[in-house]
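Q: got a structure for you, letters missing:
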């Protein structure tokens, strides 16, 4: 026994001497040049503060401009659920859910005649919204946070809120209140957690988004503070998602799972299930386990102050690809149109960014539509070859076209010093198009179309919605009625009227 203790002691000493026992946070600090890790923040009562905010906030507390911004994302999410109902994943989800299908009393699977128990409808609609990677994106506020790499805020919240509002006959104001609270909580949690969370491989939409779906359901169920706290504890144990799954069906599954988990968490809390009461801030809680540390100032007393929709804002996507491609795509499309660039005239394209973009856009030689969404090379190439990048371009057939593959090989995607120095609170993309005649055309963008600096109007979002509905083969009369219903959502006495427009 003595020899064993001596061996373990000497091994530990050797490990410490070699840095083997360095904490993950310290390693992150060393690799990124960030200051050394500080002691884990002590913020007792943080979970309770969040729960009280959810319990106490009323519809009238949400600023009118925030309500209007939310309507754009709600309309966008419904449109993406319609287009996503045509994806391969939709058929697989339906096959899985057949044994759970409801003749009556279920929740609508948008874009179908199918009804499922609430949790499975939330999963199905969440997968559909996210499968094309065309849904809205949270923007980071602090310079040490990675811009665009937080959460897709609507997908974990909308399916859960929509399904529960439908099955309980809630009105438009109740639905929007639940939606806004869910988005506000999940985005502030994502902003607060250490950047290491995303850097090390967690998919924030799955991990932080689970709290958004939970908040929406808890509010619609009328939970008091204690039941909301318990719901958070249950939700935290559902938190999941890994970035290695980007470019596969699992990415959208992780988003749908977050919405489903919000339903499950509140189901069990309503039954009397128990859980920890400091799940966010405890030394063995969410922030420590998933991030190593967090910034309490990003969440404590910040809920609704300001609302994330108002500042720093939510970005709505103009292209069905990873948001990190969008500044470059916006600028590339501008250059193509302004300079009348033809694919046949291009010798090479250089695309320089900070190091966070290649860390997420990991598919350099894509072979199918899902991989193409995480390929800067494809996104640049398809704009040059087709002059557009819509849902019809992100397919296996298009990705593997000889002309597209040839252009992909002409795109060099690299880390640029100027883009790196610009900071991580933007997605600086520097483009150089080298033409065969020796001319070079250059451009730079920090933000893409649809971001708060270059926002889409409600009418522009409605046009995107109509294109998604058309892709799904949705009747024009229903399409226009959905647009009108969302535009006037606060007047809806019962969300089931909107649900009927979204089902066959």
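A: Received the coordinates, thanks. Values in this document were obtained by computation on a predicted structure and should not be read as measured data. Numbers count the residues shown, from 1 in each chain.
Q: give me the three-state assignment for the residue nearest to the spatial centre of the chain.
A: The chain has residue 152 as the residue nearest its centroid, 1.7 Å off, counting by CA atoms, centre = their mean. Following DSSP: H, G, I helix; E, B strand; the rest coil, residue 152 is assigned to coil.
Q: use 35 as the first number for this chain going forward.
A: Okay, using 35 as the starting number, the last item reads as residue 186.
Q: I figured it hits residue 239, correct?
A: Yes: shown here, residue 186 and residue 239 form a contact pair, counting by CB atoms under 8 Å, at 4.7 Å. In this view, the C-beta of every residue, glycine as well, is placed from N, C-alpha and C.
Q: so what's in contact with these two at the same time?
A: Common contacts of residue 186 and residue 239 (CB atoms under 8 Å, 6 or more residues apart in numbering): 164, 289.
Q: look up how far residue 537 lies from the residue nearest to the centre of the chain.
A: Between residue 186 and residue 537 the distance, using CB to CB, to the nearest Å, works out to 24 Å.
Q: again, but for residue 192
A: From residue 192 across to residue 537, the span is 15 Å (CB to CB).
Q: more crowded one of these two?
A: With neighbours defined as other CB atoms under 10 Å, residue 192 and residue 537 compare such that residue 192 has more, 33 against 16.
Q: could you pull out the strands for the stretch 285-434 of the chain?
A: Here the stretch 285-434 of the chain has its strands, by DSSP state E, counting those that start in this stretch, at 348-349, 380-387.
Q: go on, the stretch 135-284 of the chain?
A: Using DSSP E, counting those that start in this stretch, the strands of the stretch 135-284 of the chain run over 141-142, 149-150, 171-172.
Q: elements contacting the last one?
A: Pointing back at strand 171-172 there. When contacts are defined as 3 or more CB pairs under 8 Å, 6 or more residues apart in numbering; DSSP states H and E, strand 171-172 sits against helix 206-226, strand 348-349.
Q: the last one: partners in the sheet, and parallel or antiparallel?
A: Each strand pairing with strand 348-349, determined using DSSP bridges, is listed with its direction: strand 171-172 (antiparallel).
Q: starting at the chain centroid, how far to the partner strand?
A: Averaging C-alpha positions (CA atoms, centre = their mean, to the nearest Å) puts strand 171-172 6 Å from its chain's average.
Q: got a list of contacts for that strand?
A: Identification of contacts with strand 171-172 by CB under 8 Å, 6+ apart yields 182, 184-187, 221, 224-225, 342, 348-349, 351, 357.
Q: the stretch 35-184 of the chain: helices as residue ranges?
A: Assigned by DSSP state H, counting those that start in this stretch, the helices in the stretch 35-184 of the chain fall at 36-52, 58-66, 80-90, 98-118, 122-131, 152-164.
Q: list the buried residues of the fourth one.
A: What it means is helix 98-118. Neighbour-count burial for helix 98-118, counted by 16 or more other CB atoms under 10 Å, picks out 100-101, 103-118.
Q: so it versus helix 206-226, what angle?
A: With axes from the mean of the first three to the mean of the last three CA atoms, to 10 degrees defining the directions, helix 98-118 sits at 90 degrees from helix 206-226.
Q: pull the distance from helix 98-118 to the chain's centre.
A: From the chain centre to the centre of helix 98-118 is a distance of 14 Å (CA atoms, centre = their mean).
Q: what's the mean pLDDT across that helix?
A: When pLDDT is averaged along helix 98-118, the result is 98.
Q: other SSEs contacting that helix?
A: If you count contacts as 3+ CB pairs under 8 Å, 6+ apart, helix 98-118 packs onto helix 152-164, helix 192-202, helix 206-226, helix 492-505, helix 510-521.
Q: could you export the ones you listed as TSV, including distance to residue 336 and mean pLDDT?
A: Below are the helices and strands packed on helix 98-118 laid out as TSV (distance: least, CB to CB, whole Å; pLDDT from 0 to 100):
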stretch	distance to residue 336	mean pLDDT
helix 152-164	26	97
helix 192-202	22	98
helix 206-226	6	98
helix 492-505	27	97
helix 510-521	28	98
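Q: mind putting those helices in CSV, distance to residue 308 included?
A: Formatted as CSV, those follow (distance: least, CB to CB, whole Å):
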stretch, distance to residue 308
helix 152-164, 20
helix 192-202, 22
helix 206-226, 21
helix 492-505, 42
helix 510-521, 39
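Q: these: which one's closest to residue 363?
A: Of all the helices and strands packed on helix 98-118, helix 492-505 sits nearest to residue 363, with 14.7 Å by CB to CB.
Q: make JSON lines out of the helices and strands packed on strand 171-172 and add distance to residue 244 and mean neighbour count.
A: Shown next, in JSON lines, are the helices and strands packed on strand 171-172 (distance: least, CB to CB, whole Å; neighbours: other CB atoms under 10 Å):
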{"stretch": "helix 206-226", "distance to residue 244": "8", "mean neighbour count": "26"}
{"stretch": "strand 348-349", "distance to residue 244": "18", "mean neighbour count": "26"}
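Q: if we can go back for a sec, tell me which of the helices and strands packed on helix 98-118 sits nearest to residue 281.
A: Residue 281 sits nearest to helix 152-164 of all the helices and strands packed on helix 98-118, at 13.0 Å, using CB to CB.
Q: what angle do the closest one and helix 98-118 make?
A: Counting by the same axes, to 10 degrees, helix 152-164 lies at 90 degrees to helix 98-118.
Q: which other helices and strands contact helix 152-164?
A: Applying 3+ CB pairs under 8 Å, 6+ apart, one finds that helix 152-164 makes contact with helix 98-118, helix 122-131, strand 141-142, helix 192-202, helix 283-305.
Q: between these, which gets nearest to residue 504?
A: Ranking the helices and strands packed on helix 152-164 by their distance to residue 504 (criterion: CB to CB) puts helix 98-118 first, at 8.8 Å.
Q: follow-up on the earlier one: can the helices and strands packed on strand 171-172 go into JSON lines with extra columns for distance to residue 503?
A: Supplementary listing: the helices and strands packed on strand 171-172 in JSON lines, determined by distance: least, CB to CB, whole Å:
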{"stretch": "helix 206-226", "distance to residue 503": "20"}
{"stretch": "strand 348-349", "distance to residue 503": "21"}
